[in-house]
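1. Sequence and predicted structure are below.
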Amino acid sequence: MEIKEKTRKYKAQSIHYLENAFVSMEAGNVEKASEFLWGSMAEAIKAIAASREREIRHHGEIGEYARELAKQLEDEAISDVFGNASYLHTNFYETGLTIEEVYTYAIRIKAIVGKLLSFIPEE
């Protein structure tokens, strides 16, 4: 798959997951919303990596690249919000967060995902 195609795929998936997170929250499905928020953040990071001709092959590399982006862009919020998304990923399996807590994280993740996707050059 070529770079532009991978970038488009990851970006579209990030947006799709973000939209589904809010639909899941409206339906009261906290765990599903948590996993969609994690997926949205992960796919946004993978989209930037792909746009820069870097391939992320393993789960752990997503966090490494998030921290690298935070340093490059001088925006520690990227790393912090990635940590929030990782916490939500855990909530999918180890339930316990309330809808209000997930919504608070969702607002932060939505802002950072939007910011990350804005760094991808338009075709």
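-> Nice, thanks for sending it over.
2. Break down this protein into its helices, ranges please.
-> Applying DSSP state H to the chain gives helices spanning 3-26, 30-51, 59-72, 76-93, 99-118.
3. For these, which has the smallest mean pLDDT value?
-> Within the helices of the chain, confidence is poorest for helix 76-93, with a mean of 88 (mean pLDDT).
4. Name the residues of that one that come out as buried.
-> Ile78, Ser79, Val81, Phe82, Asn84, Ala85, Ser86, Tyr87, Leu88, His89, Asn91, Phe92 (16 or more other Cβ atoms under 10 Å). From N, CA and C alone the C-beta is placed, and that goes for glycine too.
5. what's the first-to-last distance across stretch 26-35?
-> Chord length of stretch 26-35, first to last residue, is 15 Å (Cα to Cα, to the nearest Å).
6. How far does that stretch sit from its chain's centre?
-> How far stretch 26-35 lies from its chain's middle: 15 Å, per Cα atoms, centre = their mean, to the nearest Å.
7. for it, which positions count as buried?
-> In stretch 26-35, counting by 16+ other Cβ under 10 Å, buried: Asn29, Val30, Glu31, Lys32, Ala33, Ser34, Glu35.
8. before we move on, what about stretch 66-75?
-> Going by neighbour count (16+ other Cβ under 10 Å), the buried part of stretch 66-75 is Ala66, Glu68, Leu69, Ala70.
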